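Peer 1: here's my sequence, what's the structure:
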Amino acid sequence: MKRHFAGLTDTGVVRSVNQDAFHLDPDGRFFVVADGMGGHAGGQEASRIATETIKTYLDDNWQTELTSPELLEKAIWEANQEIIDDQETHPERSDMGTTVVVLLFRNNEPWCGHIGDSRLYRFRNAMLEQLTDDQTWVARAMKMGDLTPEEARVHPWRHVLSQCLGRRDLQKVELQALEVLSGDCYLLCSDGLTEEVSDPEIQSFLASIADYQSAAQQLINTAKANGGSDNVTVVLVGQE
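Peer 2: This next block holds a predicted model:
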């Protein structure tokens, strides 16, 4: 099956530095979005290290005998260790970390791996579905029934992560197998998009998609028009 894709990132309206990073594999094998934190230099460096490490690991080990989920998990763990190593070398960045979401197509087995609150969505049959669960305090409170979705959207702790890369106490990489059908469109994004653009709005944009590059730009423009309080990164992957 043929794959079309596009990705864009923007600093947004409020921030002066873009701490997001993304990667589009030119052969359409894998896609990465990372959202860094820990000060300007730290956040930028953490998302860069994560994105580049995952890219390099997957490139170097693509033909390995590891299964696809094993390969993806090892790539993300490698990114975690590389960030920790950098923290030790540069103590001024000791509090840096990053989210990450990866979409992998290998051996006809699509997989997703993620840490934090950068998301993967699937748009199918005119319906948008969030495939990843946010690893945040607010998401956990919602599962426990302590917060409604409306309360969670404006809660002051909504950005507090329960997991991120760059931590020795990282517990596990969230992995899931995906069923990909012809006509699917996948959206990887940082929370700079989902903070400003609701799921129904995203669904509406994707329903009228002309091409992926312009759709990505429209989503970023809408996030900025709605406040642009954070960096915004959008990657769209379509399956024919």
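Peer 1: CA atoms for contacts and neighbours, from now on please.
Peer 2: Fine.
Peer 1: could you point out the longest strand of this structure?
Peer 2: Looking only at the chain and at elements set by DSSP state E, the strand with the highest residue count is strand 97-106.
Peer 1: so how far is the helix or strand following it from its chain's centroid?
Peer 2: Sequence order places strand 109-115 as the next helix or strand after strand 97-106, per DSSP states H and E. Distance of strand 109-115 from its chain centroid, counting by C-alpha atoms, centre = their mean, to the nearest Å, is 11 Å.
Peer 1: could you export strand 109-115 as CSV, CA atoms only?
Peer 2: Taking C-alpha atoms only, strand 109-115 is exported to CSV below (Å, rounded to 0.1, in the frame of the first residue of the first chain):
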residue,chain,number,x,y,z
GLU,A,109,2.8,-4.9,11.1
PRO,A,110,2.0,-1.3,12.1
TRP,A,111,2.8,-0.4,15.6
CYS,A,112,2.7,2.7,17.9
GLY,A,113,4.9,3.4,20.8
HIS,A,114,4.5,6.5,23.1
ILE,A,115,5.5,8.1,26.3
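Peer 1: paired strands for that strand, with orientation please.
Peer 2: strand 97-106 (antiparallel), strand 174-177 (antiparallel) (DSSP bridges).
Peer 1: which other helices and strands contact the next helix or strand after it?
Peer 2: Sequence order places strand 119-124 as the next helix or strand after strand 109-115, per DSSP H and E. With contacts taken as 3 or more C-alpha pairs under 8 Å, 6 or more residues apart in numbering; DSSP states H and E, strand 119-124 sits against strand 127-130, strand 185-189.
Peer 1: in TSV: these, plus mean pLDDT.
Peer 2: Output for these, formatted as TSV (pLDDT from 0 to 100):
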stretch	mean pLDDT
strand 127-130	98
strand 185-189	98
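Peer 1: return the most buried member of the ones you listed.
Peer 2: strand 185-189 (a mean of 25; mean count of other C-alpha atoms under 10 Å).
Peer 1: about what we covered before: could you point out which of the helices and strands packed on strand 119-124 sits nearest P91?
Peer 2: strand 185-189 (29.3 Å; C-alpha to C-alpha).
Peer 1: direction included, what does the closest one pair against?
Peer 2: strand 119-124 (antiparallel), strand 232-239 (antiparallel).
Peer 1: any idea which of those strands is most buried?
Peer 2: Buried most deeply of the strands paired with strand 185-189, by mean count of other C-alpha under 10 Å, is strand 232-239, with a mean of 24.
Peer 1: which other residues reach it?
Peer 2: 1-12, 20-22, 31, 33, 180-193, 212, 216, 219-220, 223 (C-alpha atoms under 8 Å, 6 or more residues apart in numbering).
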